[in-house]
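K.L.:
take this sequence and fold it.
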Amino acid sequence: MLDGDRGTCARTRSLLQREDYWVFATGDPKVALGLVRAGATDLVLTDLGMPVLDVVPRWARRRSDAPFEIPPTASDGYAVLRALDADAVSARRLIVVLKEGSAPDVSSPPCRFGIVGCIPKAASAGLLDKLEAALQEPAASAGAAVGSVDETPAQIFRALPNALRRALLADPEASERGPVREALTAEGFSVDEASGGTEALRLAVARRPWIILTEAELPEIDGFELCRKIRSHSLLSHTPLAFLSHRDGYAARAYGLGLGADDYMCKPMDVRELLIRVALILSRYSDLGARNRPKPGLEGDLEFIGTAVALQLCSAGRLSGVLTAQWGARRARVGFRGGEVVSAESDRCRGTEAFYEFLAWSQGHFEFLPGDPGDGPVLAESFDRLLLEGCRRIDEGGAGV
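P.N.:
This is a model prediction of the structure:
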């Protein structure tokens, strides 16, 4: 346990010892780092207000280590976490952050540094309950999501259809994009690359990737603005986006996740961990239809994956059948043949207008049933043209919701 406040440290230590915890309590981060490296601990409790531990040589520091990149009340504890993460032994330890009531809200900390929870300092038994909850939740979710620690990336991606293996990688440095591109292409992905934010947004609209990996520091528009534009675009609003950046300050990570990013990963990133986290993000699609129900081929909630994504799943898989959806008393039906739309109807209209109306839905539940969608020509030159026209109408306020 690392805490510079002797009073709080003594109270917390007493609570833990009464529950048979073996506690090393110190206010000296160098002593704590030595204990962790020696393998004497399984869990690290650290205060965000610890004294700065200067373990990163000045020449090796990143720009995000500058004080203005980190909230003043969190900067010292963050330096301690950097020290722990830099060591192969200590990086395996579970970390729980202790915070004062006035400290920044980090109740949902990023995955960086193995942080599994953030609990307030308190001289009460409630601390123990929160500690147990913080430790149990990640263990359960990790086991369900990833499985065996010996599982290979190929096994992790086995449930992801090939049609969904399309990624967009935005990074100004070709040398940084190369290893990520190679890791993804080895798993069957097609990867589009952009060196700037404007180019990345153009490619996202044109190619409609199933995941976007972006550096925070991009020319023209940075990664944060790119994320904001993606989340506000009718065609791309539900597209998974994760930061993969050298900018790893707490403030940057919190800001990116607050904009709607699905994850924030920091360079350098182990290739296997990168693939695992990409697979977990994309599991929202591979899980569709995996509910052991005999009837629907695909099933999901539109507020979770988006109407445009539900339609693209049918098109990308070149499916034939009927997608039906319901939102309260409203109903819609879209017929597909080989991934192209051959019919559409809603409570108020039919044909392309019904397709555009359905595309504007922000909620509801959908099911896709494979089979014969019925006779009839396709509604437009191609599904892509139909989808882009519908999104253009939504962005211009021409489609009802």
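
K.L.:
partner strands of the helix or strand hosting Tyr264, parallel or antiparallel?
P.N.:
In the assignment (DSSP states H and E), Tyr264 maps to strand 263-266. Strand 263-266 pairs in its sheet with strand 241-245 (parallel), by DSSP bridges.

K.L.:
CA atoms of the partner strand as PDB?
P.N.:
The C-alpha trace of strand 241-245 is given here as PDB (Å, rounded to 0.1, in the frame of the first residue of the first chain):
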ATOM      1  CA  LEU A 241     -12.900   3.500 -32.500                       C
ATOM      2  CA  ALA A 242      -9.800   3.000 -30.300                       C
ATOM      3  CA  PHE A 243      -6.900   5.200 -29.700                       C
ATOM      4  CA  LEU A 244      -3.400   3.700 -30.100                       C
ATOM      5  CA  SER A 245      -1.200   6.500 -29.100                       C
END
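
K.L.:
isn't Phe355 up against Leu379?
P.N.:
Yes. Applying C-beta atoms under 8 Å, one finds Phe355 in contact with Leu379, separated by 6.5 Å. For the C-beta atoms, the positions are set from N, CA and C on the backbone; glycine is no exception.

K.L.:
joint contacts of those two?
P.N.:
Common contacts of Phe355 and Leu379 (C-beta atoms under 8 Å, 6 or more residues apart in numbering): 341, 344, 386.

K.L.:
what helix or strand does the last one sit in?
P.N.:
Translated: Leu386. Assigned by DSSP H and E, Leu386 belongs to helix 383-395.

K.L.:
what about Lys267, how many neighbours?
P.N.:
16 (other C-beta atoms under 10 Å).

K.L.:
could you list the low-pLDDT ranges of the stretch 251-400 of the chain?
P.N.:
286-297, 398-400 (pLDDT under 70).

K.L.:
more neighbours: which of Phe355 and Leu379?
P.N.:
Taking other C-beta under 10 Å, Phe355 and Leu379 do not tie; Phe355 has more neighbours (26 against 20).

K.L.:
related to what we said a few turns ago, now the shared contacts of Phe355 and Leu379 in JSON lines, please, with extra columns for neighbour count.
P.N.:
Shown next, in JSON lines, are the shared contacts of Phe355 and Leu379 (neighbours: other C-beta atoms under 10 Å):
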{"residue": "Val341", "neighbour count": "25"}
{"residue": "Ala344", "neighbour count": "24"}
{"residue": "Leu386", "neighbour count": "22"}
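
K.L.:
still on that earlier bit, so which elements touch the helix holding Leu386?
P.N.:
Helix 383-395 sits against helix 307-316, strand 340-346, helix 352-359, with contacts defined as 3 or more C-beta pairs under 8 Å, 6 or more residues apart in numbering; DSSP states H and E.

K.L.:
next SSE after the last one?
P.N.:
This means helix 352-359. Heading C-terminal from helix 352-359 (DSSP H and E), you reach strand 365-370.

K.L.:
can you list the buried residues in that next one?
P.N.:
Neighbour counts using 16 or more other C-beta atoms under 10 Å place 366-368 of strand 365-370 among the buried residues.

K.L.:
may I have it as CSV, with CA atoms only?
P.N.:
C-alpha atoms of strand 365-370 as CSV (Å, rounded to 0.1, in the frame of the first residue of the first chain):
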residue,chain,number,x,y,z
HIS,A,365,-34.9,-4.5,-31.8
PHE,A,366,-34.1,-6.3,-35.1
GLU,A,367,-34.0,-9.9,-36.3
PHE,A,368,-32.8,-11.3,-39.6
LEU,A,369,-34.3,-14.5,-40.9
PRO,A,370,-32.5,-16.2,-43.8
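
K.L.:
check which helices and strands it sits against.
P.N.:
Here strand 365-370 touches strand 298-301, helix 307-316, strand 321-327, going by 3+ C-beta pairs under 8 Å, 6+ apart.

K.L.:
each with direction, which strands does the shortest one pair with?
P.N.:
In its sheet, strand 298-301 lies beside strand 365-370 (antiparallel), with partners assigned from DSSP bridges.

K.L.:
now tell me what touches the strand it pairs with from outside.
P.N.:
Counting by C-beta under 8 Å, 6+ apart, 289, 295-302, 307, 310, 313-314, 319-327 sit against strand 365-370.

K.L.:
got a PyMOL select line for the buried ones in these?
P.N.:
In PyMOL syntax, the buried subset of the contacts of strand 365-370 is picked out as below (16+ other C-beta under 10 Å):
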select buried, resi 289+296+297+298+299+300+302+307+310+313+314+319+320+321+322+323+324+325+327
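
K.L.:
measure Pro268 to His233 for me?
P.N.:
Per C-beta to C-beta, to the nearest Å, Pro268 is found 31 Å from His233.

K.L.:
mind checking which of those two has more residues around it?
P.N.:
Neighbour totals were compared for Pro268 and His233, and His233 leads with 18 against 8 (other C-beta under 10 Å).

K.L.:
tell me who's in contact with that one.
P.N.:
Here His233 is in contact with 205, 391, 395 (C-beta under 8 Å, 6+ apart).

K.L.:
list only buried entries from these.
P.N.:
Buried subset of the contacts of His233 (neighbour count, 16+ other C-beta under 10 Å): Cys391.

K.L.:
which among the contacts of His233 gets closest to Gly335?
P.N.:
Cys391 (20.3 Å; C-beta to C-beta).

K.L.:
I'd guessed that closest one sits against Gly306; true?
P.N.:
No. In this structure Cys391 lies outside contact range of Gly306 using C-beta under 8 Å: 11.0 Å.

K.L.:
which neighbours do those two share?
P.N.:
With contacts defined as C-beta under 8 Å, 6+ apart, no residue is shared by Cys391 and Gly306.

K.L.:
could the helices and strands packed on helix 383-395 be laid out in CSV, adding distance to Ala279?
P.N.:
Converted to CSV, the helices and strands packed on helix 383-395 look like this (distance: least, C-beta to C-beta, whole Å):
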stretch, distance to Ala279
helix 307-316, 17
strand 340-346, 30
helix 352-359, 28
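
K.L.:
that's a strand at Leu235, yeah?
P.N.:
No. Assessed with DSSP: H, G, I helix; E, B strand; the rest coil, Leu235 is coil; it does not lie in a strand.

K.L.:
heads up, I number from 24, so please use that
P.N.:
Sounds good: first residue 24 from here, last item Leu258.
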